[in-house]
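**Student:** Sequence first, predicted coordinates after that:
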Protein chains: 4
Amino acid sequence: MAVRAAVAGASGYAGGELLRLLLVHPEVEIGALTGNSNAGQRLGALQPHLMPLADRVLEPTTAEALAGHDVVFLALPHGQSAAVAEQLGPDVLVVDMGADFRLKDAADWEKFYGSEHAGTWPYGLPELPGARADLAGSKRIAVPGCYPTAVSLALFPAYAAGLAEAEAVIVAASGTSGAGKAPKPNLLGSEVMGSMSPYGVGGVHRHTPEMIQNLSAAAGAPVTVSFTPTLAPMPRGILATCSAKATEGVTAESVRAAYEKAYADEPFVHLLPEGQWPATAAVYGSNAVQIQVAYDEAAGRVIVISAIDNLTKGTAGGALQSMNIALGLPEELGLSTIGVAP
Amino acid sequence: MAVRAAVAGASGYAGGELLRLLLVHPEVEIGALTGNSNAGQRLGALQPHLMPLADRVLEPTTAEALAGHDVVFLALPHGQSAAVAEQLGPDVLVVDMGADFRLKDAADWEKFYGSEHAGTWPYGLPELPGARADLAGSKRIAVPGCYPTAVSLALFPAYAAGLAEAEAVIVAASGTSGAGKAPKPNLLGSEVMGSMSPYGVGGVHRHTPEMIQNLSAAAGAPVTVSFTPTLAPMPRGILATCSAKATEGVTAESVRAAYEKAYADEPFVHLLPEGQWPATAAVYGSNAVQIQVAYDEAAGRVIVISAIDNLTKGTAGGALQSMNIALGLPEELGLSTIGVAP
Amino acid sequence: MAVRAAVAGASGYAGGELLRLLLVHPEVEIGALTGNSNAGQRLGALQPHLMPLADRVLEPTTAEALAGHDVVFLALPHGQSAAVAEQLGPDVLVVDMGADFRLKDAADWEKFYGSEHAGTWPYGLPELPGARADLAGSKRIAVPGCYPTAVSLALFPAYAAGLAEAEAVIVAASGTSGAGKAPKPNLLGSEVMGSMSPYGVGGVHRHTPEMIQNLSAAAGAPVTVSFTPTLAPMPRGILATCSAKATEGVTAESVRAAYEKAYADEPFVHLLPEGQWPATAAVYGSNAVQIQVAYDEAAGRVIVISAIDNLTKGTAGGALQSMNIALGLPEELGLSTIGVAP
Amino acid sequence: MAVRAAVAGASGYAGGELLRLLLVHPEVEIGALTGNSNAGQRLGALQPHLMPLADRVLEPTTAEALAGHDVVFLALPHGQSAAVAEQLGPDVLVVDMGADFRLKDAADWEKFYGSEHAGTWPYGLPELPGARADLAGSKRIAVPGCYPTAVSLALFPAYAAGLAEAEAVIVAASGTSGAGKAPKPNLLGSEVMGSMSPYGVGGVHRHTPEMIQNLSAAAGAPVTVSFTPTLAPMPRGILATCSAKATEGVTAESVRAAYEKAYADEPFVHLLPEGQWPATAAVYGSNAVQIQVAYDEAAGRVIVISAIDNLTKGTAGGALQSMNIALGLPEELGLSTIGVAP
């Protein structure tokens, strides 16, 4: 008995990646595909890599089009998910790949997004403490942001184990697909190839409060986050370099032990052997997270570096992993830790 | 009842891609993995994207290591396959991803490779006329070169249908993985990023006689090939721009009709709708071939452009497709036309 | 006594490259900089690499703004140059980097551009026979297209020397800056990185009649051109692979001799030593053309490959080289054959 | 009266970039070019972008070859410069682009380089307090490392102005040319394109003590540095994201004011207007440093981001700038803040 899934926002990068994964998910049947400005177009013209779906035509995003599915994935601009979810009713699993339901604090939402807070849904980062219980059986899932996925998985074990002081410093490099498919001059290939540049510097990036929320929960106390995102000349991938002052008594061994323990049974988190470092190329197209830790004794800091594919584990893969849990399917179904390289 | 497969040369790009595909092939169990200079190393250090195999250790390439498998894939430097195949015996399916057994003409081999011809095996390009019959039940398969795959699929229908004169002109761009993993100064990232350059110009590239062999067979008469390969700043992919003088009476419609007919039932060849052109990004990591045709009336030429992933359809995917046929499995098993993009 | 130069269209890629070169031209003083949608903006925000001009503000493109200069460069969408030139009067040197005045045949213009032909100006490719005489003292210059620059310099010596039959086949790869700075989805970094794709296939690219014009002039008879442009994952550069059937009696030596003779005294054309091939990285940011020739005996074709920087020799550098000639300055002034690599 | 300059190590990336700049330096005449394994080869084969020098042949690196020049630039592996410098005598200006003479503390040298300390030469980062006085008239110059150039210029004003606490956290992304031209598997284009990865994590990178030396001098007290370098998929450029806890009373205005003051008269440091961020593409091939500052009030940190070209300002341009000072030439001679973009 297949799970019938609809995708609202099938023409963008998140929607396309989700379809790529749904096509090989053994329990999912792909239902309605909707879009806004692209409604009426063949998917083959919009997502030419999804050849089995080339002849599917996008419908407009309406309640009618999305009705009659077991799961509806929303890949919409923020602010639109609440209304759609309401129309779909409480019995349909709604997986929001946007930001609307990630934050618990309404004030944070209003400060960073400038609109009214729509609410909070179970948070789709299963590796966080307690997350699987929240997701099991849930009919609503808020998929985390791509940066918070990479950063939270890098740092929460250090905070949970009391290894790190409450001031995290994070610099992350993202591939350009994180900026979406809407054409802007600064995202032209001519501009991004050969260039690294920062943006949203100084605590203004919208993913910052989400990181604070996750790390503070792990620490059991408020954690500040200095977050600098940078745009890297590659289509996909996030490399997050995360550090914090080590608490007293920390050693290289205690850091490693904490991460080995935290991730011993996690199917998608790959703590690398000592001496090997994460690379975004190694997780390209996969749901894996590569992590490595270091303790810099001279600087007194714990350093954790993670690599994910922003579109897979950072968006569509994470969404599917959480869907599997919510539906009672095996968590790894349709997902893998096999990257496409070189 | 799983097919047990060994891979000789598991540390290179062809071997790594094959393992990526074997990991998701429902009927294959991965057996021995061997290497030469890398024997003794963890696969995780050599192929960090293949996380499920990270703890496997490479054995030296010996007859003992390769014994006891149903299929042995050879990803070895040319000249080494014959000796290995002999040791494996006639009942093991040997799939050679190198050049040794591709050419029918010993003189061609000697001219282009400078050594004695080892022989000719059934040629693993199932889409060519007669190829599936040769492959079915065979215990030996010669996997085509990556360029000949892209070029033969682009042009053989034109020759088979009598649309093109016997002088083909081909310019192809390849990603750098086609040049292998052995470090050379001209393949450094610093050198290749931002640069296009040709190599092997003037008919000297070793894939030239293989193209001539395939196209002449399709035409039923000798075809000359002017082939210029170029190195493009991307890891994977081949874009082949192929043309020939049109024979008399050819029209845009007759060209398109010939290709629609040739590829109507081919699972991996995707003749694009008119107005859409192949892109290597669209076939990244997939076994698909994207093809588009044009008739340039002013110049009097038929132009056919194909895009493949040189490592997938161009090497490891093509190898698996042929293995499926040889073993009597469904031809598409474990393969797809779903690319990883953007 | 400095030459005072204005640039209309200073915010685009052609305009930016021209300014980069004008900044180091010893006889030029940069005057008015104009734009349309970007008028009123600081150049530092539009062309952040031109730091000496960061505080200059773009004016609207009007006859008033452009008045009072010795030279006015036009980097405008096609169809706009004639009106501007007329307003500037006959005594100002007007250098049009657009297409309007390149073609001699009004019917060609109408067929490929769909509007009325504005006329023909002296053609700014000094290396072509007779071009320098046309440019000397001229007050109007039509700067060639980037592809025609690369292709004409590759093939005209073969035609002038009678080495090639009248059917040229050309496949060229261009960096993305050739497609301009206006944001379009297919030009996003996410789309172009890792991808090669063709466009304008089958004789429909607007640079085709310009190539035909140049090669036919060299041959003294009509030459047909099959031209396939492809988009390569790099910001700059054109690699043109050009070939034609060799006429009777041609040898590798006679081909080389013709090119050595043609380019013995050309300051910007660098015929590479045998065994070395052009690379776009080697001409990055320079006004050089790298050329290599081959004779493929088996296929009976002369093959010539050229590499240029599409923005420098292909546009702004070529414009300056012609300006120097028109003004009676040393042709090489302010230009070089020094690339920026790696 | 030209300055006659020799370059030892002319086949590598640092040597090539130096030659690119020397070719346009109005007071320099290029003398001997030497190499080791490449001695006897044409420069055209090794540095194909330097067409004016294509026919020069590399000599072996010997005292004889380097004798008779006013300036000798050393682009040698570390540990070799002292012996060469001694042979050249005290009257020749020796500019070492390697690491040998950068560090003041012999223990630091021994810890990070594992050999005996050769000494300390005047440090070629003119923008640091007191540096120009040390360089003027000097016959020995130690050119800074590329990362320390980017990082020291980003952070020294904050330390000099007392705005930052003594624990700096730095994450920097470098283009691949920083890793040199010796072919290694991890530097292949196939490996680096599409990938971001860290290396030398945890305080072990050899540039760390150099940063500590510079920042501690600015602060007048020991500063710790947590430095994480990452390899980015681009040939050139460094983007350094640097931060430290703000001292009490710091505001966004006081941070900006300190940097405006520090860099008001620096010809190569370009403090960007508020709202604009550095990009490595904007400094490609130029001697410019782009800097932007932010104060993250929530995290309590001063954040400074700098972009340089690692080969120009980070190596060869910095070397020339210091040479100009040492020889009493105008500091900007032969250098510019004009990048090559896009």
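**Tutor:** That came through, no problem.

**Student:** what's the neighbour count on the spatially closest residue to A:Gly339 that is not a sequence neighbour?
**Tutor:** Distance criterion Cβ to Cβ, 6 or more residues apart in numbering or on different chains; nearest residue to A:Gly339, sequence neighbours excluded, is B:His49 at 3.2 Å. Where you see a C-beta, it was placed from the backbone N, CA and C, and this is true even at glycine. By the measure other Cβ atoms under 10 Å in any protein chain shown, the count of residues near B:His49 is 25.

**Student:** and B:His49, what does it touch?
**Tutor:** Residues near B:His49 by Cβ atoms under 8 Å, 6 or more residues apart in numbering or on different chains: A:281-284, A:286, A:338-341, B:16, B:20.

**Student:** ok, of those, which one's closest to A:Val92?
**Tutor:** A:Ser286 (28.6 Å; Cβ to Cβ).

**Student:** Just confirm the closest one contacts A:Gln321, I think it does.
**Tutor:** No. A:Ser286 is beyond contact range of A:Gln321, at 11.9 Å (criterion: Cβ atoms under 8 Å).

**Student:** For the stretch 51-200 of chain A, which segments count as strands?
**Tutor:** For the stretch 51-200 of chain A, the strands defined by DSSP state E, counting those that start in this stretch occupy A:59-60, A:71-74, A:93-96, A:140-142, A:167-174, A:197-198.

**Student:** where along chain A do the helices fall?
**Tutor:** Along chain A, counting by DSSP state H, helices occupy A:13-22, A:43-46, A:63-66, A:81-88, A:106-113, A:131-135, A:146-160, A:189-192, A:208-219, A:252-263, A:317-327.

**Student:** Tell me which of those sits nearest to C:Pro233.
**Tutor:** Comparing the helices of chain A under Cβ to Cβ, the one sitting nearest is helix A:189-192, at 7.1 Å.

**Student:** thinking again about what came up before, for chain D, which of the helices of chain A is the nearest?
**Tutor:** Across the helices of chain A, chain D has its closest neighbour in helix A:189-192 (4.0 Å, Cβ to the nearest Cβ).

**Student:** Tell me the gap between stretch A:268-288 and the middle of its chain.
**Tutor:** 16 Å (Cα atoms, centre = their mean, to the nearest Å).

**Student:** residues of that stretch that come out buried?
**Tutor:** Across stretch A:268-288, burial judged by 16 or more other Cβ atoms under 10 Å in any protein chain shown covers A:268-272, A:277-288.

**Student:** For stretch A:181-200, list every residue counted as buried.
**Tutor:** For stretch A:181-200, the buried set under the neighbour-count rule, 16+ other Cβ under 10 Å, comprises A:181, A:187-198, A:200.

**Student:** which of the contacts of B:His49 lies closest to B:Gly145?
**Tutor:** B:Gly16 (18.1 Å).

**Student:** Show the pLDDT at the closest one.
**Tutor:** On the pLDDT scale, B:Gly16 is placed at 98.

**Student:** Need the nearest residue in space to it, chain neighbours excluded.
**Tutor:** Nearest non-adjacent residue to B:Gly16 (Cβ to Cβ, 6+ apart): B:Gln47, at 4.5 Å.

**Student:** Reformat the helices of chain A into CSV and put distance to B:Gly35 next to each item.
**Tutor:** Listed next are the helices of chain A as CSV, based on distance: least, Cβ to Cβ, whole Å:
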stretch, distance to B:Gly35
helix A:13-22, 31
helix A:43-46, 40
helix A:63-66, 51
helix A:81-88, 50
helix A:106-113, 51
helix A:131-135, 39
helix A:146-160, 32
helix A:189-192, 37
helix A:208-219, 41
helix A:252-263, 28
helix A:317-327, 31
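
**Student:** A:Gly98: which of those is closest?
**Tutor:** Comparing those under Cβ to Cβ, the one sitting nearest is helix A:81-88, at 5.5 Å.

**Student:** okay, and the helix or strand of chain A with the least pLDDT?
**Tutor:** Lowest by mean pLDDT, DSSP states H and E among the helices and strands of chain A is helix A:81-88, with a mean of 93.

**Student:** Residues contacting that helix, please?
**Tutor:** Contacts of helix A:81-88 (Cβ under 8 Å, 6+ apart): A:8, A:61, A:63, A:66-67, A:72, A:74, A:76, A:94, A:96, A:98, A:100-101, A:118-119, A:140.

**Student:** 7 Å instead?
**Tutor:** For helix A:81-88, the surrounding residues in contact (Cβ atoms under 7 Å, 6 or more residues apart in numbering or on different chains) are A:8, A:63, A:66, A:72, A:74, A:94, A:96, A:98, A:100-101, A:118, A:140.

**Student:** Find me the pLDDT at the closest residue to chain B within the stretch 201-342 of chain A, would you?
**Tutor:** Proximity of the stretch 201-342 of chain A to chain B (Cβ to the nearest Cβ) peaks at A:Gly339, 3.2 Å away. Here, the pLDDT recorded for A:Gly339 equals 98.

**Student:** what residues are up against it?
**Tutor:** By Cβ under 7 Å, 6+ apart, the neighbours of A:Gly339 are A:282-286, A:288, B:49.

**Student:** got TSV for these, with pLDDT too?
**Tutor:** Output for the contacts of A:Gly339, formatted as TSV (pLDDT from 0 to 100):
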residue	pLDDT
A:Ala282	98
A:Val283	98
A:Tyr284	98
A:Gly285	98
A:Ser286	98
A:Ala288	98
B:His49	98
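
**Student:** between those residues, which is closest to chain D?
**Tutor:** Using Cβ to the nearest Cβ, these come closest to chain D at A:Tyr284, 6.7 Å.

**Student:** Pretty sure that closest one sits against A:Ala341.
**Tutor:** Yes. Contact criterion Cβ atoms under 7 Å: A:Tyr284 and A:Ala341 qualify, at 5.9 Å.

**Student:** Alpha carbons only: can I get the least confident helix or strand of chain A in CSV?
**Tutor:** Provided in CSV are the C-alpha atoms of helix A:81-88 (Å, rounded to 0.1, in the frame of the first residue of the first chain):
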residue,chain,number,x,y,z
SER,A,81,2.3,27.1,4.5
ALA,A,82,-0.2,27.8,7.3
ALA,A,83,-3.1,28.5,4.9
VAL,A,84,-2.4,25.5,2.8
ALA,A,85,-2.0,23.2,5.7
GLU,A,86,-5.3,24.3,7.2
GLN,A,87,-7.1,23.5,4.0
LEU,A,88,-5.6,20.0,3.8
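
**Student:** No further queries at this time; thank you.
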